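In: Need a 3D model of the following:
(one chain, ligands or ions: 1)
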Amino acid sequence: MTRVFQLCLLPLSKPKVPKTSLFQSVLGAHGRSGTRIFEILQNNVGVSPTRNSVSGFRTFCTSKGDLAAKKCVACNSKDLRPMTEEAANNLITKVDGWNLVHEGGVLKLNRSWSLKSFTKGLELFKLVADVAEAEGHHPDLHLVGWNNVTIEIWTHAVGGLTENDFILAAKINEIQIQHLLRREPAKKQGH
Ligand SMILES: C[C@H](O)[C@H](O)[C@H]1CNC2=NC(N)=NC(=O)C2=N1
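Out: The predicted structure is shown next:
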């Protein structure tokens, strides 16, 4: 199934090849029944309840590189719905270092770093803010204990997670921040 998710699925609304041959050529090889994959797709794409055709699917690429290369969409799009926990569990594997957390009944992405100093924490905030502003999608930033940063990402407009959140997390992962991070104390050699 992983290999299935490494494929960019063509927008099903305008298939260049008939859907059945697309599924046979792509999915049949993996011995997966179309139905199961179709269910997974249904859980992994933003489909508004009013749409009952595949044309409502917003397919998306889900390998690490693909997420970071994508653009966030406006959060006020009427088609935007919070994704299921199953969909989130599929996508979390594509954003190294990030965790899924339930907070106040809302599923969110969460990642923490230990910084060299308070001001390095603010530098990290600025680097992340530039990405967020470029995407029009914003994280919740926390700087506590002077040098501990936690970033939470969720889509406030829908009260849950959408692909935007994973795109932003993937783009944050691409920011060069090694110079800001506290060196973890070298692990004691095993005695
Ligand atoms: C219209 C525009 O998409 C909204 O104001 C954006 C701004 N940034 C946002 N960021 C996040 N995380 N969630 C939102 O719902 C959101 N809405």
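
In: Show residues contacting the helix or strand hosting Leu168.
Out: Assessed by DSSP states H and E, Leu168 sits inside helix 163-173. Helix 163-173 has contacts (Cβ atoms under 8 Å, 6 or more residues apart in numbering) with 46, 58, 60, 64, 67-68, 70-73, 75, 83, 91-92, 94-98, 108-109, 111, 128, 131-132, 135, 137, 139, 151, 153-155. Bear in mind the C-beta positions are built from the backbone N, C-alpha and C, glycine included.

In: Identify each buried residue in the longest helix seen in the chain, please.
Out: Across the chain, the longest stretch assigned as helix under DSSP state H is helix 118-135. By neighbour count on 16 or more other Cβ atoms under 10 Å, the buried set for helix 118-135 is Lys120, Gly121, Glu123, Leu124, Phe125, Val128, Val131, Ala132, Glu135.

In: residues in the protein within reach of the ligand, list them.
Out: Taking Cβ under 6 Å from any ligand atom as the contact definition, the chain meets the ligand at Ala74, Cys75, Asn76, Gly136, His137, His138, Thr155, His156, Ala157.

In: what's near enough to touch the nearest residue to Asn110 once chain neighbours are set aside?
Out: Spatial nearest neighbour of Asn110, excluding adjacent residues (Cβ to Cβ, 6 or more residues apart in numbering): Val101 at 4.6 Å. For Val101, the contact set (Cβ under 8 Å, 6+ apart) comprises Leu107, Lys108, Leu109, Asn110, Glu152.

In: Can you pull out the low-pLDDT segments for the chain?
Out: 1-64, 190-191 (pLDDT under 70).

In: hmm, 90 instead?
Out: Residue ranges of the chain with pLDDT under 90: 1-65, 75-81, 183-191.

In: What are the boundaries of the helices in it?
Out: According to DSSP H, the helices that the chain contains are 2-5, 19-26, 34-44, 64-69, 85-91, 118-135, 163-173.

In: what's the angle between the last one and helix 118-135?
Out: Relative orientation of helix 163-173 versus helix 118-135 (axes from the mean of the first three to the mean of the last three Cα atoms, to 10 degrees): 130 degrees.
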